[in-house]
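Enquirer: would you be able to build a 3D model of this:
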Amino acid sequence: MAAPGARLQQLVDDLGSTFLEVIEAPGPLDAVVTGVTIFDPHDDLVVSPGELVLGVGIAADADLPSLIRRLGRLGAAGLVVKAPGEVSGRLRDEVRRDGVPVLGLTRAASWFQVAALLRSFLDRRAMAGTGDLAGIPAGDLFAFANAVCALVDAPVTVEDRSSRVLAFSARQDEADSGRIETILGRQVPSKYLRMLEERGVFHDLYQTPGPVYIPSLDRGMLPRVAAAIRVGPEVLGSLWVAVDGALSEERMQALTEAAGLAALHLLHQRNSADLARQLSADLLETVFAGGGPAHEAAARLGLPAGPSCVLACQVVGRSGAELEGAGQRLADALTLHLAAIRAGSAVARIGHLVYAVVPVSGHNDADQASRHMQEIAARFVARVGHRVRPVIGIGGPAESLNGLGRARVEAERAARVLRDSPAWPGADGGPGGRAARFEDVYLETVLDRLRELLAAEEEGLHGPVAKLARYDTENGTELTASVRAYLDAFGDVGRAAASVHVHPNTFRYRLRRVREVSGLDLDDARARLGAMVQLSVLPR
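Expert: Reported below is the predicted structural model:
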């Protein structure tokens with residue numbers, strides 16, 4: 001995403017030494033950063049002019065000079081590597097010659113953390129309005145945090161109601177390990193949240209009209225001064241200042257005024273984000289609908305021509321407001337994940353599902369393309385699954401825009417199977433993770449649709465299975481369970497008997513009773529299929 005005015009120097013200044021340091025630069029860091037991409041030595045190097053490259057796959061200092069030469073030819077804004085202990089003279093000469101600044105990422109930060117932070121930084125820059133609020137671009141929370149830092153002479157964070165870090169100022173190295181941990185994780189650690197809740201800090205913060213002084217929570221931690229960010233009765237978030245002691249009355253007043261200004265920035269940012277998300281959702285809906293308007297919508301989303309897969313992602317185990325928040329975090333994380341490895345992807349949240357259209361050109365055939373997409377989706381699930389618990393269905397690939405509607409339906413049906421089948425093979429870390437291709441779960445999707453049809457029947461089940469279920473209810477028998485066990489065991493009486501803990505002879509007697517009671521002929525393939533479908537509707 002383009003971010004006018006987001007120059008590399010501005011990024012380094014705003015993120016500060018908590019994350020980045022300048023290892024070597026050919027001159028002023030005046031390149032405009034237009035995006036973030038991850039370098040993978042196993043893939044072709046595809047970098048657009050102005051992109052900041054994360055050197056995740058760089059194993060040693062010896063790999064850097066040749067990469068810097070290639071990045072210089074491609075017009076990259078800079079290269080980020082894990083901060084080395086020493087920098088060779090050859091590397092410094094290469095940077096000065098090819099004009100690509102090299103930044104060092106602090107060893108304590110993960111690549112995923114810095115990728116998410118940089119994407120967030122650029123997105124917020126892009127959403128910042130052309131108008132100013134007290135001399136700061138509307139919605140630019142990083143610039144705002146730095147301004148507040150100057151006012152109160154201490155490092156500042158801007159946090160939402162869930163204590164997630166929206167932005168932070170420079171000078172975080174003057175704070176403590178708790179603040180550094182908060183910045184790196186973009187979230188106040190749970191142990192400190194518990195302390196704050198137990199001491200009633202959030203209650204005091206949200207009920208007090210001005211800033212609140214919070215004594216040190218733990219040994220080695222600085223005290224904090226916090227101010228709620230309000231719009232009328234609604235609390236949008238809070239400002240947190242790491243201090244050596246109580247602030248002067250003048251600085252407390254400055255923080256109070258800053259909290260009022262922060263509300264305007266947060267409202268601007270929220271409104272801009274909501275509009276951008278709604279636009280993306282509307283455009284993607286138009287693409288899925290097909291027809292003439294689909295081509296214009298695809299162009300506005302930046303979708304390239306050629307084959308694409310559709311992902312349908314859903315959060316499981318959440319409801320209400322918790323589902324709303326988790327769904328949006330899933331959409332944001334998937335956008336970041338695909339932006340780094342699949343340029344031209346489009347992601348949008350529509351209803352309770354997050355959809356992605358992902359280009360898959362460059363593969364030998366459709367099967368190879370969809371399998372590669374499953375690998376990408378499974379890696380994403382493995383990365384975020386412990387926090388969000390998503391399932392991902394994969395449809396397609398569609399050869400053109402006209403096939404994306406069908407690929408969407410396939411992806412939705414595959415996601416539904418995974419959502420409703422926690423015991424699906426691979427669900428707990430197998431090769432597919434919680435991501436599956438439509439063709440791999442095709443039979444389950446057919447049964448799922450049949451179950452829907454049967455469940456919609458106003459009069460309920462009919463035929464032999466209905467007779468068995470009524471007989472069991474009236475007589476306390478287990479003939480229905482015996483039929484299910486027989487079908488699950490593919491007609492192996494010994495295995496079926498063991499699964500219901502009876503002797504094989506007893507089980508054979510039950511099968512004879514099944515035929516006598518219901519007329520079900522288990523030697524008939526069509527009868528077996530009908531029974532399997534109807535039994536799938538009944539609880540086990």
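Enquirer: now do the contacts for Tyr192.
Expert: Gly178, Thr182, Leu217, Asp218 (Cβ atoms under 8 Å, 6 or more residues apart in numbering). (Each C-beta comes from the backbone N, C-alpha and C, glycine too.)
Enquirer: ok, and the most crowded of those?
Expert: Greatest neighbour count in those, by other Cβ atoms under 10 Å, goes to Thr182: 24 neighbours.
Enquirer: ok, back up a step: which one of the contacts of Tyr192 is nearest Gln368?
Expert: Ranked by distance to Gln368 (Cβ to Cβ), those are led by Thr182 at 43.2 Å.
Enquirer: what's near enough to touch that closest one?
Expert: Thr182 neighbours (Cβ under 8 Å, 6+ apart): Thr157, Val165, Val188, Pro189, Tyr192.
Enquirer: what do you get for Asp13?
Expert: Counted by Cβ under 8 Å, 6+ apart, Asp13 has contacts Asn146, Ala170.
Enquirer: that one belongs to a strand?
Expert: No - checked against DSSP: H, G, I helix; E, B strand; the rest coil, Asp13 lies outside a strand; its state is helix.
Enquirer: any of the contacts of Thr182 buried? List them.
Expert: Buried members of these, scored by 16 or more other Cβ atoms under 10 Å, are Thr157, Val165, Val188, Tyr192.
Enquirer: helices - which of those land there?
Expert: The helices, defined by DSSP state H, take in Tyr192 from the buried ones among the contacts of Thr182.
Enquirer: on that earlier part again, JSON lines for the contacts of Tyr192, including secondary structure, distance to Ala377 and pLDDT?
Expert: Formatted as JSON lines, these follow (DSSP: H, G, I helix; E, B strand; the rest coil; distance: Cβ to Cβ, whole Å; pLDDT from 0 to 100):
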{"residue": "Gly178", "secondary structure": "helix", "distance to Ala377": "35", "pLDDT": "90"}
{"residue": "Thr182", "secondary structure": "helix", "distance to Ala377": "30", "pLDDT": "89"}
{"residue": "Leu217", "secondary structure": "coil", "distance to Ala377": "40", "pLDDT": "91"}
{"residue": "Asp218", "secondary structure": "coil", "distance to Ala377": "40", "pLDDT": "88"}
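Enquirer: which one of those residues is nearest Val36?
Expert: Thr182 (22.0 Å).
Enquirer: and the closest one, how far from Arg224?
Expert: Thr182 sits 11 Å away from Arg224, going by Cβ to Cβ, to the nearest Å.
Enquirer: and for Ala366?
Expert: 56 Å.
Enquirer: residues contacting Leu522?
Expert: Val483, Tyr486, Gly491, Leu511, Val514, Arg515, Arg528, Ala531.
Enquirer: may I ask which two of the residues you listed are separated the most?
Expert: Gly491 and Arg515, at 14.4 Å, using Cβ to Cβ across the contacts of Leu522.
Enquirer: could you give the number of residues near Val201?
Expert: 18.
Enquirer: hang on, the earlier thing: ok, Ala366 and Arg224, which is more surrounded?
Expert: Neighbours per residue, other Cβ under 10 Å: of Ala366 and Arg224, the larger number sits with Arg224, 23 against 16.
Enquirer: give the contact list for the more buried one.
Expert: Tyr213, Ile214, Trp240, Val241, Ala242, Val243.
Enquirer: doesn't the third one belong to a helix?
Expert: No - when classified by three-state DSSP, Trp240 is found to be strand rather than part of a helix.
Enquirer: how close does it get to Arg161?
Expert: 13 Å.
Enquirer: out of those two, which sits in the more crowded spot?
Expert: Trp240 (24 against 14).
Enquirer: so how far is Ala258 from that one?
Expert: Per Cβ to Cβ, Trp240 is found 12 Å from Ala258.
Enquirer: how about Gln314?
Expert: According to Cβ to Cβ, Gln314 and Ala258 sit 40 Å apart.
Enquirer: for the stretch 101-250 of the chain, which segments count as helices?
Expert: 111-127, 141-152, 177-185, 190-198, 201-207, 249-289 (DSSP state H, counting those that start in this stretch).
Enquirer: going by distance to Asp173, which of the contacts of Thr182 wins?
Expert: Thr157 (13.7 Å).
Enquirer: list the contacts for that closest one?
Expert: Contacts of Thr157 (Cβ under 8 Å, 6+ apart): Ala145, Val165, Ala167, Phe168, Ser169, Arg179, Thr182, Ile183, Leu239, Trp240.
Enquirer: wait, Arg416 touches Leu447, no?
Expert: No - assessed by Cβ atoms under 8 Å, Arg416 is found out of contact with Leu447, at 11.4 Å.
Enquirer: just among the contacts of Arg224, which is most surrounded?
Expert: Going by other Cβ under 10 Å, Val241 tops the contacts of Arg224 with 28 neighbours.
Enquirer: beta partners for that residue?
Expert: Val156, Val225 (DSSP bridges).
Enquirer: picking up where we left off before, output the contacts of Thr182 as CSV; include the columns pLDDT and distance to Thr286.
Expert: Shown next, in CSV, are these (pLDDT from 0 to 100; distance: Cβ to Cβ, whole Å):
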residue, pLDDT, distance to Thr286
Thr157, 94, 39
Val165, 90, 35
Val188, 91, 40
Pro189, 90, 42
Tyr192, 92, 45
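Enquirer: and which of those is nearest Pro304?
Expert: When those are compared against Pro304 (criterion: Cβ to Cβ), the nearest one is Val165, at 34.5 Å.
Enquirer: neighbours of the nearest residue to the closest one once chain neighbours are set aside, how many?
Expert: Spatial nearest neighbour of Val165, excluding adjacent residues (Cβ to Cβ, 6 or more residues apart in numbering): Arg186 at 4.8 Å. Neighbour count for Arg186, taken as other Cβ under 10 Å: 15.
Enquirer: adjacent strands (with direction) for the helix or strand containing Leu311?
Expert: Using DSSP states H and E, Leu311 maps to strand 308-315. Strand 308-315 sits in its sheet next to strand 353-359 (antiparallel), strand 390-398 (antiparallel), going by DSSP bridges.
Enquirer: report the angle between the first one and helix 249-289.
Expert: Relative orientation of strand 353-359 with respect to helix 249-289: 70 degrees, computed using axes from the mean of the first three to the mean of the last three Cα atoms, to 10 degrees.
Enquirer: run the chain-centre distance for strand 353-359.
Expert: 12 Å (Cα atoms, centre = their mean, to the nearest Å).
Enquirer: so Ala331 is in which element?
Expert: Assigned by DSSP H and E, Ala331 falls in helix 320-341.
Enquirer: now that helix: buried residues?
Expert: 326-327, 329-341.
Enquirer: so what touches it?
Expert: Outside helix 320-341, the residues that touch it by Cβ under 8 Å, 6+ apart are 35-38, 40, 43, 54, 115-116, 119, 162, 277, 311, 313, 315, 318, 345, 347-349, 352, 354, 356, 358, 376, 380, 383-384, 388, 390.
Enquirer: all good on my end, thank you.
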